[in-house]
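In: No letters, just coordinates:
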């Protein structure tokens, strides 16, 4: 059908046309068009056409070319002339040059040389699973090995595959110019073809279907490495590893340096470094601040130096105080409480970090705002921050260079702000005065706490409405920043507990005493005291109270018969859940006449002093050891151990003092008895 | 830290504190001693007045000693652990 058109184009482009054809539909089409209609059939005109020559104007080739040139100048060239004609491959170079339609001489980019050759069988009747077995066998093997295996394989398809591989090898050499000796079957896969379904009669008149599956296999041949090349590659790999190991072997690290920014280390009140999974904490020493950067270094000494190439998991746990602030700073009685926490995005480290992640976990999933960091494209290609439930994750950031220098900090370090809702009241103990009095006569340890409690949440905006408060507590919808009551855990076996505040005794509290536990046994139960202050503590309010109790001295005191020393353990503070103690002073009052006073505190105090305390029935006063602390948290509720000696003579001092007083009284009484104060009648002289 | 751990271990291993006189006895002791103090004081007040208080002085001494212990026991009984 296209033959006609091809004839036409050929006639234009060839240099020497064979006939002087006119551009128009072909003779056969013309004929068909003419004889379509019966009325056009005219025997006379037929005769005329046969006999006379074609009297249509036949233009010579030169006229045609001239006409075309003229049309081109005018811009009237037909579409066929304008577009590039199909150039036959066997055209000579001279013919190309003279062709009227000049092909655009564009510089084509050089095609890359082929590195692989793909070949396949046709679809033939075999199950794809069966064919795939052969595919697995030859995949990855050198081509000659694959052909050999196929030659001696027992499988039905092996002959076909063998022939296919041989042809593929030949084609790869011939057409893609690949090296025969290096060819390898790089890939071999099987495709499924059409499934022909045939009926198969089964027993009892049932019909089953037989599936005649078809499959074909493709292979990709590539130039593989020669034996020498493979050996060279392995040698280079092994050499690289040896060199790296030798370089690292020089330094087995025994110390790991942690860098903390200044604001963070000033807010830290408790710090511990442990190997993950172990209980024993590692020794941490302060090793100065690098010049310029506002950060401080801590050196952690590992138990044994870390070998080169080995890994260890260290966990640094810190408790920071006064780092969150309420935002908004004021809240009405029924409004929500939200806090703001700021930290820096990148963890400071003097070492290269391969992966870094910061997870901020809040107590509730209601997070109002978290900063999206910018300029972290060098470290991550995904989202720089994600939120999932109540955790906001910054990271993972990969390949972070040593960040403990000012250059990195200036370029990348940014502040990250987390604004979140907090559902519990934020408590602060402004002042804690704990007095522990040891009595040997009564075998008693009296502990008295004078506490000033402050609600550090958002300040109360507006009036305190008792009615609203009662409604809220009745329906259980208390605002999160109001503190109606709190629970403290007291030691077991206490008696004579008293809870007073500035007005007097407070009776709105419940105490459940746990039975006394002797020392040495593990304490499972604590006494629970539900403290309900006289008024609910709203945001920004203070409350001063005194809490004290007596406990048997046997529970916390011991006697060493070898040295004659008594050792008493006094807890530093009772934990108020979630509260930080700004300022604490713990005084331990020892019995009168105690000598060789020694103490061991779980963490060093800001200051220590030993002074004298005078109380009932004292003559010389009792020694008092005072510890001062700042920023204590629940991690600091550990006991202080005090040891001392009390000779029997000192022990008897008290009764002797009282006895002396009584003796003085008796003496006075004796003297008074003998003093005659009666008024005697003087005998009057007779005149 | 190791010092703290060692004293903690020592404290846990030692026998608990035991007072010279058991605390449960103290109320009774207080009663007895104070009663005897009172009795002795009363008796010494009845004794005839002599120039040299021959009998009174030893009585006073014993009474005051007993009274001293009694007062301390009394203090402990009422809860003022001296």
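Out: That came through fine. Worth saying up front: this structure is predicted, and the values here are computed from it rather than measured. Numbering: from 1, shown residues only, chains lettered A, B, ... in the order given.

In: Could I get the full set of strands for the stretch 151-300 of chain A?
Out: A:183-192, A:196-201, A:207-212, A:214-223, A:253-261, A:268-275, A:283-286, A:295-306 (DSSP state E, counting those that start in this stretch).

In: Chain B is nearest to which of these?
Out: strand A:283-286 (8.1 Å; C-beta to the nearest C-beta). C-beta here means a position set from N, CA and C on the backbone, and glycine is covered the same way.

In: could you list every residue that touches residue A:480?
Out: For residue A:480, the contacting residues are A:336-337, A:421-425, A:457, by C-beta atoms under 8 Å, 6 or more residues apart in numbering or on different chains.

In: Kindly reformat those residues as JSON lines and extend each row with neighbour count and secondary structure.
Out: Below are the contacts of residue A:480 laid out as JSON lines (neighbours: other C-beta atoms under 10 Å in any protein chain shown; DSSP: H, G, I helix; E, B strand; the rest coil):
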{"residue": "A:336", "neighbour count": "16", "secondary structure": "coil"}
{"residue": "A:337", "neighbour count": "21", "secondary structure": "coil"}
{"residue": "A:421", "neighbour count": "17", "secondary structure": "strand"}
{"residue": "A:422", "neighbour count": "21", "secondary structure": "coil"}
{"residue": "A:423", "neighbour count": "13", "secondary structure": "coil"}
{"residue": "A:424", "neighbour count": "15", "secondary structure": "coil"}
{"residue": "A:425", "neighbour count": "23", "secondary structure": "coil"}
{"residue": "A:457", "neighbour count": "29", "secondary structure": "coil"}
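
In: For chain B, what's its nearest residue on the stretch 51-200 of chain A.
Out: Chain B sits closest to residue A:140 of the stretch 51-200 of chain A, with a gap of 60.7 Å, by C-beta to the nearest C-beta.

In: Which residue is the nearest non-sequential neighbour of that residue?
Out: The shortest distance from residue A:140 to any non-neighbouring residue, by C-beta to C-beta, 6 or more residues apart in numbering or on different chains, is to residue A:185 (6.7 Å).

In: May I have the beta-bridge partners of the one you found?
Out: residue A:221 (DSSP bridges).

In: Isn't it up against residue A:149?
Out: No - counting by C-beta atoms under 8 Å, residue A:185 stays clear of residue A:149, with 10.5 Å between them.

In: Common neighbours of the two, please.
Out: A:138, A:141.

In: With neighbour numbers in mind, choose between the two.
Out: residue A:185 (24 against 17; other C-beta atoms under 10 Å in any protein chain shown).

In: And residue A:664, its phi and psi?
Out: Main-chain torsions, residue A:664, degrees, to the nearest 10: phi -60, psi -40.

In: my bad, residue B:76
Out: Backbone torsions of residue B:76, given as degrees, to the nearest 10, read phi -70, psi -30.

In: Give the burial count for it, as a bare number.
Out: 23.

In: Which other helices and strands does the host helix or strand of residue A:340 contact?
Out: Assigned by DSSP states H and E, residue A:340 belongs to strand A:338-344. With contacts taken as 3 or more C-beta pairs under 8 Å, 6 or more residues apart in numbering or on different chains; DSSP states H and E, strand A:338-344 sits against strand A:324-326, strand A:353-361, strand A:415-421.

In: let's see 6 Å
Out: Counting contacts by 3 or more C-beta pairs under 6 Å, 6 or more residues apart in numbering or on different chains; DSSP states H and E, strand A:338-344 is packed against strand A:324-326, strand A:415-421.

In: which non-adjacent residue is nearest the residue of the stretch 301-450 of chain A found nearest chain B?
Out: Residue of the stretch 301-450 of chain A nearest chain B, by C-beta to the nearest C-beta: residue A:442 (3.4 Å). Nearest residue to residue A:442 in three dimensions, chain neighbours excluded: residue B:81, at 3.4 Å (C-beta to C-beta, 6+ apart).

In: Tell me, how many residues neighbour residue A:350?
Out: By other C-beta under 10 Å, neighbour count at residue A:350 equals 15.

In: how many other residues sit next to the residue lying closest to it once chain neighbours are set aside?
Out: With sequence-adjacent residues excluded and distances taken as C-beta to C-beta, 6+ apart, residue A:350 is closest to residue A:404, at 4.5 Å. Residues lying near residue A:404 (other C-beta under 10 Å) number 20.

In: ok, the residue nearest the centre of chain A - contacts?
Out: Closest residue to the average C-alpha location of chain A: residue A:357 at 4.3 Å, with C-alpha atoms, centre = their mean. Residues in contact with residue A:357 (C-beta atoms under 6 Å, 6 or more residues apart in numbering or on different chains) are A:395-396.

In: same thing but at 10 Å, please
Out: By C-beta atoms under 10 Å, 6 or more residues apart in numbering or on different chains, the residues touching residue A:357 are A:347, A:393-397.

In: cool, residue A:670 as well?
Out: If you count contacts by C-beta under 10 Å, 6+ apart, then residue A:670 has B:44-45, B:47, B:49, B:53, B:56-57, B:59-60 around it.

In: Residue numbers of the stretch 201-350 of chain A in contact with chain B?
Out: A:280-281, A:283 (C-beta under 10 Å from any C-beta of the partner chain).

In: Show me which of those residues are buried.
Out: For these, a neighbour count by 16 or more other C-beta atoms under 10 Å in any protein chain shown gives an empty buried set.

In: okay, these in a markdown table with pLDDT next?
Out: Below are these laid out as a markdown table (pLDDT from 0 to 100):
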| residue | pLDDT |
| --- | --- |
| A:280 | 85 |
| A:281 | 86 |
| A:283 | 87 |
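
In: Nearest to residue A:377, out of these: which one, please.
Out: Comparing those against residue A:377 with C-beta to C-beta places residue A:281 closest, at 38.8 Å.

In: thought that closest one was touching residue A:303?
Out: No - with contacts counted by C-beta atoms under 10 Å, residue A:281 stays clear of residue A:303, the gap being 11.0 Å.

In: Common neighbours of those two, please.
Out: Shared contacts of residue A:281 and residue A:303, defined by C-beta under 10 Å, 6+ apart, comprise residue A:275.
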